[in-house]
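Engineer: could you work out the structure for the sequence below:
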Amino acid sequence: MDQTVLASRVARCMAVMAVVALAGGCASGRRHDVSKGNFTTQEPYSKAIAGPADAVCWSVKRALLSQGYMLDRNTDSGVLTGTKDFQPEPKLNITLHMQTTCADNRDGTSMVFVTASREDSQLQRMKQSTSAGIGPATITMPSGSAKVLGVVRRETIQDPAFYHSFFTLVEGFVAQERSHSDEERHAELRTDAPARSQ
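Structural biologist: Numbering: from 1, shown residues only. As a prediction, this is how the structure comes out:
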């Protein structure tokens, strides 16, 4: 084989190998960091709140409703899911989903778990096509375009301040429930006092 041809083939092979190695390096650089999915004890998604489960869970529901969340009908009575939409820009829609679970710790406190996610949808122009024909003789032709909302971002909210504000609101409603219960108890005692004195 001619030395020139051999050298040309070797150079071509080395160029292909370099391209493959470069592509592999770029692909590995695009790998996403999944360390945010690791399990730790420092996550902001739960809090023990003073009060029995009936008062705390009702306060969780009041907190969601007071902020404009529309509640879903869940088959699981221990899970409460709410959704809220807003549109900060004409072509951008943001949806917040919140899922909560409430459980009595049987020690005078109740544990509230909450996870929130954010979904951004943007108005996009999508091409449409029309198909005509029978079987293999079908022809597909472009027929214009339409504007539709397409999801451009979806993530779990991890900001501790977001969850802290939610738990603070829940604790405020629990305090109202406790105050209301105390007033009812005092009213019962006042009405019972004359009956005992007779």
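Engineer: ok, the longest strand along the chain: who's next to it in the sheet?
Structural biologist: Assignment by DSSP state E gives strand 109-132 as the longest strand of the chain. Sheet pairing of strand 109-132 (DSSP bridges) gives strand 46-50 (antiparallel), strand 92-104 (antiparallel), strand 139-156 (antiparallel).
Engineer: so which of those strands is the most packed in?
Structural biologist: Among those, the stretch with the highest mean neighbour count (mean count of other Cβ atoms under 10 Å) is strand 92-104, at a mean of 17. Glycine gets a C-beta too; all of them are placed from N, C-alpha and C.
Engineer: pull the residues that contact it.
Structural biologist: Outside strand 92-104, the residues that touch it by Cβ atoms under 8 Å, 6 or more residues apart in numbering are 52-53, 56-57, 60, 64, 69, 78-88, 110-123, 149, 157, 166.
Engineer: if you set the cut-off to 6 Å instead, what comes out?
Structural biologist: By Cβ atoms under 6 Å, 6 or more residues apart in numbering, the surrounding residues in contact with strand 92-104 are 53, 56-57, 60, 78-87, 110-122.
Engineer: what do you get for stretch 72-88?
Structural biologist: Stretch 72-88 has contacts (Cβ under 6 Å, 6+ apart) with 64, 68-71, 93-101.
Engineer: Q124 touches G150, doesn't it?
Structural biologist: Yes. Judged on Cβ atoms under 6 Å, Q124 makes contact with G150 at a distance of 4.6 Å.
Engineer: pLDDT weak spots in this structure?
Structural biologist: Scanning the chain for pLDDT under 70 picks out 1-36, 128-130, 132-133, 135-137, 140-145, 182-198.
Engineer: mind doing that once more with 90?
Structural biologist: Across the chain, the ranges flagged by pLDDT under 90 are 1-42, 73-78, 90-91, 123-151, 178-198.
Engineer: returning to what we had before: with distance to G37 added, can I get the strands paired with strand 109-132 in CSV?
Structural biologist: Shown next, in CSV, are the strands paired with strand 109-132 (distance: least, Cβ to Cβ, whole Å):
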stretch, distance to G37
strand 46-50, 17
strand 92-104, 17
strand 139-156, 10
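Engineer: any idea which of those strands gets closest to E171?
Structural biologist: Nearest to E171, of all those, is strand 46-50, at 5.8 Å by Cβ to Cβ.
Engineer: only C-alpha atoms, please: export the closest one in CSV.
Structural biologist: Output in CSV follows, covering the C-alpha atoms of strand 46-50 (Å, rounded to 0.1, in the frame of the first residue of the first chain):
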residue,chain,number,x,y,z
SER,A,46,-41.6,19.4,57.3
LYS,A,47,-42.2,20.9,60.7
ALA,A,48,-43.7,19.8,64.1
ILE,A,49,-46.4,22.3,65.1
ALA,A,50,-47.9,22.5,68.6
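Engineer: can you name the residues in contact with the helix or strand just after it?
Structural biologist: Remark: after strand 46-50, the chain's next helix or strand is helix 53-66, criterion DSSP states H and E. Residues from elsewhere that reach helix 53-66, judged by Cβ under 6 Å, 6+ apart: 49, 82, 100, 102, 104, 110, 112, 169-170, 173-174, 177.
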